[in-house]
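# Return atomic coordinates for the entry below.
(2 chains)
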Number of protein chains: 2
Amino acid sequence: MPELRRDPISGRWVIVAPDRARRPLPGSGTAPSRENCPFCAGHESETPDEILALRPPGGGGPNTPGWQVRVVPNRFPALSASGPDKRQNVGVYRTRGGVGVHEVIIESPDHHVSLTQLTPEAVEQVLSVFRERLESHRRRTDLHYALLFKNVGLEAGASIEHTHSQIMGTRILPGVIGEEWKLARREWRARRRCLLCEMIRLDASDGRRMVVATDSFVAICPFASRFPLEVWIVPTSHESDFDAMSENQIDSLAPVLRDVLGRVERVMGRPSYNLVLHTAPFRRRGDDSFHWHIEVMPRLGQAAGFEWGSGLFVNPLTPEDAAARLRDGDAQDTGAV
Amino acid sequence: MPELRRDPISGRWVIVAPDRARRPLPGSGTAPSRENCPFCAGHESETPDEILALRPPGGGGPNTPGWQVRVVPNRFPALSASGPDKRQNVGVYRTRGGVGVHEVIIESPDHHVSLTQLTPEAVEQVLSVFRERLESHRRRTDLHYALLFKNVGLEAGASIEHTHSQIMGTRILPGVIGEEWKLARREWRARRRCLLCEMIRLDASDGRRMVVATDSFVAICPFASRFPLEVWIVPTSHESDFDAMSENQIDSLAPVLRDVLGRVERVMGRPSYNLVLHTAPFRRRGDDSFHWHIEVMPRLGQAAGFEWGSGLFVNPLTPEDAAARLRDGDAQDTGAV
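Model (predicted):
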């Protein structure tokens, strides 16, 4: 059973999950290929039983073909679905049972390798499933957070190429989200304003870091981008929870997300990125200072181990140049960076 | 000229350094090979002029062969050696001039690809150069920190295979070091004790996470390891500054470092890791709560973008199992993980 452990030196929590080592890794010869992909329609028996599936009227029964979007438990979960939440302190060491959620959202019954290959309507369905799962996890009283993310491409750690996302629901707040919330709250209390609202206001008036702008969403290369071609998608109105989105907002987000990922893929020459949804912590006592957004972190092959180990990022591409390339990336492949 | 930028949402500082993009990257066809390695003896003119070189009595003049360890400015520096420290605030955005230090420490005149190929005496010389450079940067009144690190192997982002380390001296404190110092200071004030002293005391009595132990240094797989085979080298006595080490301590550290890296390489089947020295911040008003140590983060190919993007690490190898493998790794190759 997995275990949560806190590093006393850095304050970081880590999930120690030995069973994850059984996961077939890309390049190991045991990773599924297009021919035996467990996420394709017709292979439903190769995944754990589905938690949810979108089916058109007359679509088949559970765990049979006919679905459009399908949610299943991760076969090699980093967290256990049940078990005691054993808490243990030994000196400076703190441990908790690794109980939580680890779901996979299969975004298409066909073997597409990118969300950009889906129709805009299919992307809307994917987003509405994201919303449903986050809503559902938020109702659980034991979870502090549900982290939605997407690994695309070998360099980004994807072990299955069929387009999918994952959700990890945890009884702790992931460190990066906790730190963001702290800064957001402090600014909200001190100046009655949201940092991200300020940021997109400055970027709209400056223009150089803007990639896509609609009434409801903007995509920007953030002022202090860590990675070349890093891009954030931000709702223009101050909203804390992704899952509070209306149908109309989902209909507006779908084409923006599809467009932005398409630009990243065309400029990179291949799809390879991590996407992380930053939505507000579940337990926040009425505090609405957090502004949800999506962070897309392209993986351009330069290993960033040093940067992550030190907290000091070196980015060789200015966000202004990155945005210019992505703005130009709407028509065709503009070559590798 | 490079620029420091602070992300208002996360508080992270980033170095935006467009000139770094000119750096030849591994796999790009322009990266130096063994045949035209600029770090080998006889190729001194292919690097910027040396800052320091260890030469035996009668060794040649500056920038000629005869040296044992050689320090040169990075040819594609992430920070500029001089220039105005322009500070600029535009709304929530903060910017500073990218002025600082970016040095390369060439650890051998021969084309060795790992510190483990050097004699113990040569490793002592390397460590004494580390100490000299850190001491020298500490004396500068403009720097807040000098970060010493080592990227080994393609997966770890090394663009030159010839064994070397780097130092980046900055006018800001790298985030990871700042966070550690905060926790160390808090514990020191609240309980008059050091977290890392407590950690190695627990690990010594437990034994399962111990890799190597001498009177002066221990190597442990940390309780909340982020990565499989992560290992830290820690002085057994509470010392804040790496560069306060005595000759005797350097003589004790050299064989431990060489031994630990050798174990990591043998268990991995190849050398590929990031090494980061965590030494105390330069400006700390007499506070000695920080305990210096070396963190070795092996790169096993699974991209960790999601983990870094969220702050939630999933480690499939328990530190206890990792330490057992590394303890067994003294004799011969024990196969890939």
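
# Can you name the residues that contact A:Glu135?
A:Asp243 (CB atoms under 8 Å, 6 or more residues apart in numbering or on different chains). Heads up, the C-betas are built off the backbone N, CA and C, glycines and all.

# Which helix or strand contains it?
Under the criterion of DSSP states H and E, A:Glu135 resides in helix A:120-139.

# buried ones in that helix?
Using 16 or more other CB atoms under 10 Å in any protein chain shown as the test for burial, helix A:120-139 gives A:122-134, A:136-138.

# starting at the chain centroid, how far to that helix?
12 Å (CA atoms, centre = their mean, to the nearest Å).

# Grab the most central residue of chain A for me.
The residue lying closest to the centre of chain A (CA atoms, centre = their mean) is A:Phe149, at 2.2 Å.

# Could you report the neighbour count for the closest residue to A:Arg226 other than its chain neighbours?
Sequence neighbours aside, A:Phe313 is the residue nearest to A:Arg226 in space, at 4.3 Å (criterion: CB to CB, 6 or more residues apart in numbering or on different chains). Counted with other CB atoms under 10 Å in any protein chain shown, the neighbours of A:Phe313 add up to 24.

# again, but for A:Gln249
18.

# for A:Asp288, same thing?
Around A:Asp288 there are 15 residues (other CB under 10 Å).

# For chain A, which segments count as helices?
A:120-139, A:175-191, A:195-206, A:247-268, A:305-310, A:319-328 (DSSP state H).

# Please identify the most buried of these.
Mean neighbour counts were taken over those using mean count of other CB atoms under 10 Å in any protein chain shown, and the top value, a mean of 23, falls to helix A:305-310.

# how about chain A, which residue sits the furthest from its center?
Largest centre distance within chain A, by CA atoms, centre = their mean: A:Gly91, 35.0 Å.

# pLDDT score assigned to that residue?
As predicted, A:Gly91 sits at a pLDDT of 96.

# Not counting sequence-adjacent ones, nearest residue to it?
B:Leu202 (4.8 Å).

# shouldn't the one you found be in contact with B:Leu195?
No. At 10.7 Å, B:Leu202 does not count as touching B:Leu195 under the criterion of CB atoms under 8 Å.

# who touches both of the two?
By CB under 8 Å, 6+ apart, B:Leu202 and B:Leu195 have these common neighbours: A:Val92.

# Can you give me the pLDDT of A:Asp110?
A:Asp110 is given a pLDDT of 97.

# Equivalent analysis for A:Gln332, please.
Note for A:Gln332: predicted pLDDT of 46.

# same thing with A:Gly311?
pLDDT recorded at A:Gly311 is 87.

# Return the distance of A:Ile8 relative to B:Ala184.
Small correction: residue A:8 is Pro, not Ile. A:Pro8 sits 10 Å away from B:Ala184, going by CB to CB, to the nearest Å.

# To clarify, my last question referred to A:Phe290.
According to CB to CB, A:Phe290 and B:Ala184 sit 29 Å apart.

# same check, this time on A:Phe242
36 Å.

# Give me the distance from stretch A:239-247 to the chain's centre.
That offset, for stretch A:239-247, works out to 15 Å (CA atoms, centre = their mean).

# swap in stretch A:284-303?
Averaging C-alpha positions (CA atoms, centre = their mean) puts stretch A:284-303 8 Å from its chain's average.

# State the phi and psi torsions of the closest residue to A:Asp7 other than its chain neighbours.
Spatial nearest neighbour of A:Asp7, excluding adjacent residues (CB to CB, 6+ apart): B:Ala224 at 3.7 Å. Dihedral angles of B:Ala224 (phi, psi; degrees, to the nearest 10) stand at phi -110, psi 60.

# okay, now B:Ala224: neighbour count?
B:Ala224 has 25 nearby residues by other CB under 10 Å.

# Pull the contacting residues for A:Ile105.
A:69-71, A:126, A:129-130, A:133, A:164-167.

# Which of those residues sits closest to chain B?
Each of those was scored against chain B by CB to the nearest CB, and A:Gln166 proved nearest at 8.4 Å.

# Can you pull the residues of the stretch 1-150 of chain A lying near chain B?
Proximity of the stretch 1-150 of chain A to chain B, by CB under 8 Å from any CB of the partner chain, involves residues A:5-21, A:23, A:25, A:27, A:78, A:90-93, A:147, A:149.

# Which members of those residues are classed as buried?
A:5-10, A:12-17, A:20, A:23, A:25, A:78, A:92-93, A:147, A:149.

# Can you tell me which of the residues you listed end up in strands?
A:5-6, A:13-16, A:93, A:147, A:149 (DSSP state E).

# From those residues, pick the one nearest B:Arg189.
Proximity of those to B:Arg189 (CB to CB) peaks at A:Arg6, which lies at 19.9 Å.

# Only the buried residues of stretch A:210-219, if you could.
A:210-213, A:216-219.

# Could you list the domains of chain A?
With domains defined by automatic domain parsing, chain A comprises A:3-172, A:176-328.

# For stretch A:273-290, buried residues please.
For stretch A:273-290, by 16+ other CB under 10 Å, it's A:273-282, A:284, A:289-290.

# Could you tell me the end-to-end distance of that stretch?
Taking CA to CA, to the nearest Å, stretch A:273-290 runs 24 Å from one end to the other.

# For chain A, which element, helix or strand, carries the lowest mean pLDDT?
helix A:305-310 (a mean of 78; mean pLDDT, DSSP states H and E).

# Kindly check the end-to-end length of stretch A:151-168 for me.
13 Å.

# average pLDDT for that stretch?
In this model, stretch A:151-168 has a mean pLDDT of 91.

# what's near enough to touch A:Phe306?
B:149, B:151, B:156-157, B:274, B:276.

# ok, and of these, which contact chain A?
On the criterion CB under 8 Å from any CB, B:149, B:151, B:156-157, B:274, B:276 are the entries of these that sit beside chain A.

# Determine which two of these are furthest apart.
Greatest spatial distance among those (CB to CB): B:Gly157 and B:Val276, at 12.4 Å.

# about what we covered before: quick one: which two of the buried residues of helix A:120-139 are the most distant?
Those two in those that are separated most widely, counting by CB to CB, are A:Ala122 and A:Arg138, at 24.9 Å.

# give me the number of residues near the closest residue to A:Tyr93 other than its chain neighbours?
Excluding the flanking residues, the one nearest A:Tyr93 by CB to CB, 6+ apart is B:Phe223, at 5.2 Å. Per other CB under 10 Å, the neighbour tally for B:Phe223 reads 26.
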